[in-house]
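**Student:** quick one: sequence and predicted model below, then my questions.
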Amino acid sequence: MSKLKKLLKASQNIIKEPSLLNHVLNENLVREQDHGQKYPNLKTLPQLSFHELLGQNLDLEVDLFVLDGGSLPTDIALLKALSQNKKSYFEIGTWRGESVWNVAKHIDDCYTLNLSKQEMLDFRWNPRYAELHGILSKKNPSIKHLESNTKTFDFKALNKKFDLVFIDGDHSYEMVKHDTEKVFQNLLHDESVVVWHDYAFNPEKVRYEVFKAILDAVPSELHKHLYHVENTMCAIFVKGDFKTKVFESPKTPDNLFQISIKQNSF
Ligand SMILES: C[S@@+](CC[C@H](N)C(=O)[O-])C[C@H]1O[C@@H](n2cnc3c(N)ncnc32)[C@H](O)[C@@H]1O
């Protein structure tokens with residue numbers, strides 16, 4: 001089909017169904033261009049290797065369901081490795097509870113915040129999806145499950161600072177920006193570490209909607225502490241003097257992960 005024919009067909013469809021325009025505007029390429037205009041010197045975050053961040057290579061086990069909406073083994077390994085020398089953890093976005101479950105193997109003081117089942121049903125989300133929330137994390141009675149929409153949750157009333165915070169709730173620009181602002185205003189002390197899931201669709205493809213929200217929410221004087229953890233979908237805010245790499249895609253691999261899989265019934 002010629003470009004002109006495609007343009008005509010697209011215009012006809014958009015006139016019939018104007019909400020189709022959102023698909024164009026939400027397209028990652030469009031968001032990337034938009035991002036590049038505001039942050040021409042920060043098109044991707046500098047990359048940190050696990051070894052540089054942790055002072056050693058990864059060597060740990062993670063529990064994962066390996067189902068839709070889940071994380072990469074390296075995403076969970078990042079949280080678990082970071083939690084080894086931390087005492088408190090706060091997370092936005094529980095879903096089945098895999099992230100907090102793994103962190104709680106090292107940290108006793110763990111909080112996870114999610115929409116209540118009723119609110120998910122009110123949004124007309126799949127009832128089975130609502131039902132399955134916390135199916136893993138609720139098996140650990142020491143994990144504190146908070147039920148609220150982050151839009152209305154009173155972060156200040158918690159009156160607590162956390163060593164490690166994981167932001168993994170609603171991934172729209174507005175909500176990542178909102179959640180990040182609330183976390184930075186209320187939950188951090190000088191040495192806190194913050195991890196965002198879905199900074200990237202995969203370790204080689206930045207998700208510009210989330211990236212821009214992070215940069216717009218984190219005070220600009222703190223941008224120098226933001227990195228992409230190599231081989232993960234995660235961005236991290238961490239203070240330290242690190243040697244970084246420039247993001248490249250396609251990437252010449254410099255890590256080979258050995259993953260041994262043991263299946264247990266649940
Ligand atoms: C990607 S999942 C979290 C996955 C989990 N952190 C893990 O790695 O195992 C995102 C979760 O955010 C929750 N969520 C979405 N919007 C929210 C909001 N406004 N407030 C609180 N939770 C929200 C969803 O119900 C969903 O459980």
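**Tutor:** Thanks, I have it. Residues are numbered from 1 along each chain as shown.
**Student:** hey, where'd the helices end up in the protein?
**Tutor:** For the chain, applying DSSP state H gives helices covering 3-16, 20-26, 28-38, 50-54, 73-83, 98-103, 117-122, 127-131, 155-158, 173-186, 208-217.
**Student:** nearest approach to the ligand belongs to which of the ones you listed?
**Tutor:** With CB to the nearest ligand atom as the measure, helix 98-103 is the member of the helices of the chain nearest the ligand (3.4 Å). In this view, the C-beta of every residue, glycine as well, is placed from N, C-alpha and C.
**Student:** what is the mean pLDDT for that closest one?
**Tutor:** Here helix 98-103 scores 98 as its mean pLDDT.
**Student:** that one and the ligand in contact?
**Tutor:** Yes: contact of helix 98-103 with the ligand (CB under 6 Å from any ligand atom) involves 98, 99.
**Student:** how far does that helix sit from the chain's center?
**Tutor:** Using CA atoms, centre = their mean, to the nearest Å, the distance from the centre of helix 98-103 to the centre of the chain it belongs to is 14 Å.
**Student:** mind listing what's buried in it?
**Tutor:** 98, 99, 100, 101, 102, 103 (16 or more other CB atoms under 10 Å).
**Student:** in this structure residue 28 contacts residue 208, no?
**Tutor:** Yes: in this structure, residue 28 is within contact of residue 208 by CB atoms under 8 Å, at 5.7 Å.
**Student:** the two: who's more crowded?
**Tutor:** Between residue 28 and residue 208, residue 208 has the larger neighbour count (other CB atoms under 10 Å), namely 25 against 14.
**Student:** now that one: closest residue in space, sequence neighbours ignored.
**Tutor:** residue 31 (3.7 Å; CB to CB, 6 or more residues apart in numbering).
**Student:** for stretch 201-221, the distance to its chain's centre please.
**Tutor:** 10 Å.
**Student:** hmm, that stretch touching the ligand?
**Tutor:** No: contact of stretch 201-221 with the ligand is not found when judged by CB under 6 Å from any ligand atom; the minimum separation is 11.6 Å.
**Student:** what about stretch 113-129, how long is it end to end?
**Tutor:** This stretch, stretch 113-129, spans 16 Å end to end (CA to CA, to the nearest Å).
**Student:** mind listing what's buried in that stretch?
**Tutor:** So, applying 16+ other CB under 10 Å, buried residues of stretch 113-129: 113, 114, 115, 117, 120.
**Student:** equivalent analysis for stretch 216-226, please.
**Tutor:** 217, 218, 226.
**Student:** tell me the one of those nearest residue 85?
**Tutor:** Closest approach to residue 85 among those (CB to CB): residue 226, at 20.9 Å.
**Student:** contacts only, for that closest one.
**Tutor:** 45, 214, 215, 218, 235, 236, 237 (CB atoms under 8 Å, 6 or more residues apart in numbering).
**Student:** next one: residue 190
**Tutor:** Residue 190 neighbours (CB under 8 Å, 6+ apart): residue 239.
**Student:** right, and residue 251 touches residue 204 too?
**Tutor:** Yes: proximity of residue 251 to residue 204 meets the contact threshold set by CB under 8 Å, at 5.9 Å.
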